[in-house]
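A.B. asks: Provide a 3D model corresponding to the input given below.
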Amino acid sequence: MKKIFKISGMHCESCSKIIEMELEGKVESTNIDSKSGKAEINFDPKKISERQIVEIINKAGYKVA
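C.D. replies: This is a model prediction of the structure:
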């Protein structure tokens, strides 16, 4: 399942990398753009829920709109 999340609080490429690292191994793929504030995340809903992804991003210090 592919979903686009709007994330606020990202300032640079390092912010994108932090989120990617937090999601690594939990989702199938990520494409995070700190400039647009959008994250395209491909995941298996049987392994991780959308809510869990949002919680991981929030715990990393960012806010999902």
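
A.B. asks: Just to check, residue 63 is in contact with residue 7?
C.D. replies: Yes: the criterion here is CB atoms under 8 Å, and residue 63 meets it with residue 7 at 6.9 Å. C-betas here are computed from N, CA, C, even on glycine.

A.B. asks: the more surrounded of these two?
C.D. replies: residue 7 (23 against 13; other CB atoms under 10 Å).

A.B. asks: now the more buried one: how far from residue 1?
C.D. replies: Going from residue 7 to residue 1 by CB to CB, to the nearest Å gives 18 Å.

A.B. asks: What ranges does the chain have for its strands?
C.D. replies: Remark: strands assigned in the chain by DSSP state E are 2-8, 29-33, 38-42, 63-64.

A.B. asks: What's the per-residue pLDDT of the residue located most distally from the centre of the chain here?
C.D. replies: The C-alpha centroid of the chain is most remote from residue 46, which lies 17.4 Å away (CA atoms, centre = their mean). You'll see residue 46 listed with a pLDDT of 97.

A.B. asks: show me where this structure has helices.
C.D. replies: 13-23, 50-59 (DSSP state H).

A.B. asks: Quick check: which of those helices is buried the most?
C.D. replies: Most buried of these by mean neighbour count (mean count of other CB atoms under 10 Å) is helix 13-23; its value is a mean of 16.
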